[in-house]
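In: sequence below, structure please.
(one chain, ligands or ions: 1)
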Amino acid sequence: MKKITYLIFIAIFFSCESSKEVEEVNLYSQRHYAVDELQYENFTKLTGIKVNVTKANADELIQRLKNEGDKTEADLFITVDVGKLWQAGNMGLLQKINSDIINPGINPVLLDKNNFWIPVTYRSRILVYSKERVNKSELSTYEDLANERWRDRILVRSSSNSYNQALMSSLVANLGIEETQKWSDAIVKNFARDPKGNDRDQVKAIAAGQGDVAIVNSYYIGLLLSSKNEEELNAGKSVSVFFPNQEENQRGAHINVSGIALTKNSKNKENAIKLIKYLQSNEAQKTYVNNTYEYSVNPSISPNDIVKEWGEFKMDDLDLNILGSRRDEAIRIFDKSGWK
Ligand code: FE
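Out: Numbering: from 1, shown residues only. Sure, this is the predicted structure:
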């Protein structure tokens, strides 16, 4: 009898233990910004759900999701390039998200027509130019950077970078393959140096007089201008921001979203959905805007003051999935034109 009581006690003990198990959600993330940890901490405080993050580049994470199959621990996949979300969806690694999870305040231009991903922030791939050596009136479009006038003056990172691949995919969609190839061949001739470094390094190169115009993501300028590091701050101050393709008959500046998707084999789906909802909330959107200088997907959340100063801009409203679906053609163009 004693033994039975003991066994019952053990059974109750373990059932209590398992119900006390930590609620969690597992995230595979390509994002590389310090504020993300703060977002997840705030979410944990609010819900008690622990967020476990695995960071790597998008290709590695996609490969991992594929290899792990239904054994994956990942519930969510987050990227800084919508093309990689499209790719994961296209490979059958994601599940569709019920549209009632989407915050109705989100700009519809930024949404996935296939419901595989939800935008968390967006950014524009803009031009920055030397305040000393370039006059704003000399700048107009991405296309114009192919003009001989810019010989040895353009700075941009390598073609293996997904921000560049997304921009090239948008050109393929907007101009066609032939025109885009011509553009790529010509702009490569205008490079101030062989592509190297990240977006911040291109701005630093302008400050150092190595080139005059750089193609970079908008938020890096906010990060430089708010940096406590003197070299970075000076680099930020040496340039002005220019949104290309803004004239009436032009398509607008290229944008890309950082977005989140539910993996096909998610085991903590409810928790994952709670995190997706949280990241779209006003609180989380304000945290992004004021720490990474990205744009909120919700037009009612205004940008950080540094970003606000650049003014509003017209965005290219191309279906964002095209930034993934035209990617192979974009990469072939880079290779043919010798863009390192
Ligand atoms: Fe980035």
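In: quick check, residue 227 in contact with residue 236.
Out: Yes: with contact defined as Cβ atoms under 8 Å, residue 227 and residue 236 form a contacting pair (6.9 Å). The C-beta positions use only the backbone N, C-alpha and C, and glycine is treated the same way.
In: which one's more surrounded, the two?
Out: Taking other Cβ atoms under 10 Å, residue 227 and residue 236 do not tie; residue 236 has more neighbours (22 against 15).
In: in what helix or strand does the more buried one lie?
Out: helix 230-237 (DSSP states H and E).
In: so what secondary structure elements neighbour that helix?
Out: Using 3 or more Cβ pairs under 8 Å, 6 or more residues apart in numbering; DSSP states H and E, the elements in contact with helix 230-237 are helix 199-207, helix 218-225.
In: quick one: residues in contact with the shortest one.
Out: When you say that, I think you mean helix 218-225. For helix 218-225, contacts defined as Cβ atoms under 8 Å, 6 or more residues apart in numbering pick out 123-126, 128, 199-200, 203, 232-233, 235-237, 239, 241, 292-295, 304, 306-307, 310.
In: can I get the buried ones among these as something I can paste into ChimeraX?
Out: To isolate the buried members of the contacts of helix 218-225 in ChimeraX, using 16 or more other Cβ atoms under 10 Å:
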select :123,124,125,126,128,199,200,203,232,235,236,239,241,292,293,294,295,304,306,307,310
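In: now residue 263: phi and psi?
Out: The phi/psi pair for residue 263 (degrees, to the nearest 10) reads phi -70, psi 160.
In: ok, for it, nearest residue in space, not its chain neighbours?
Out: Leaving aside its chain neighbours, residue 263 sits nearest to residue 74 (5.0 Å; criterion: Cβ to Cβ, 6 or more residues apart in numbering).
In: thought that neighbour was touching residue 62?
Out: No: using Cβ under 8 Å, residue 74 makes no contact with residue 62, being 10.7 Å away.
In: which one's more surrounded, the two?
Out: Regarding residue 74 and residue 62, a neighbour count based on other Cβ under 10 Å identifies residue 74 as having more, with 25 against 21.
In: the more buried one: which element?
Out: Short version, using DSSP H and E: residue 74 is in no helix or strand.
In: point out where the protein drops to low pLDDT.
Out: Under the criterion pLDDT under 70, the flagged ranges of the chain are 1-20.
In: can we see that at 80?
Out: By pLDDT under 80, the low-scoring segments of the chain are 1-21.
In: residue contacts, the residue sitting nearest the centre point of it?
Out: Central residue of the chain (Cα atoms, centre = their mean): residue 80, 2.2 Å from the mean position. Residue 80 sits next to 30-32, 58, 162-163, 256, 258 when contact means Cβ under 8 Å, 6+ apart.
In: CSV please, covering those residues and showing secondary structure.
Out: Formatted as CSV, these follow (DSSP: H, G, I helix; E, B strand; the rest coil):
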residue, secondary structure
30, coil
31, coil
32, coil
58, helix
162, helix
163, helix
256, strand
258, strand
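In: from residue 217, how far out is the closest residue to residue 148 other than its chain neighbours?
Out: Nearest non-adjacent residue to residue 148, counting by Cβ to Cβ, 6+ apart: residue 190, 7.6 Å away. Going from residue 190 to residue 217 by Cβ to Cβ, to the nearest Å gives 20 Å.
In: ok, now residue 266?
Out: Here residue 266 is placed at a distance of 29 Å from residue 217 (Cβ to Cβ).
In: ok, residue 28 next?
Out: Noted for residue 28: a distance of 21 Å to residue 217, by Cβ to Cβ.
In: okay, those two: which has more neighbours?
Out: Neighbours around residue 28 and residue 217, counted as other Cβ under 10 Å, are more numerous at residue 28. The numbers are 27 against 22.
In: show me the strands in this protein, by range?
Out: 24-29, 50-55, 76-79, 94-95, 118-130, 154-155, 213-217, 239-242, 255-263, 295-296 (DSSP state E).
In: mind putting those strands into a markdown table with distance to residue 270?
Out: Putting those into a markdown table (distance: least, Cβ to Cβ, whole Å) gives the following:
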| stretch | distance to residue 270 |
| --- | --- |
| strand 24-29 | 9 |
| strand 50-55 | 14 |
| strand 76-79 | 12 |
| strand 94-95 | 13 |
| strand 118-130 | 16 |
| strand 154-155 | 46 |
| strand 213-217 | 33 |
| strand 239-242 | 42 |
| strand 255-263 | 11 |
| strand 295-296 | 26 |
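In: out of these, which one sits most buried?
Out: A comparison of those by mean neighbour count, using mean count of other Cβ atoms under 10 Å, puts strand 76-79 on top with a mean of 27.
In: who are the packing partners of that strand?
Out: strand 24-29, helix 58-68, helix 82-90, strand 255-263, helix 269-279.
In: how about those in a markdown table, adding distance to residue 170?
Out: Below are these laid out as a markdown table (distance: least, Cβ to Cβ, whole Å):
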| stretch | distance to residue 170 |
| --- | --- |
| strand 24-29 | 24 |
| helix 58-68 | 18 |
| helix 82-90 | 10 |
| strand 255-263 | 9 |
| helix 269-279 | 25 |
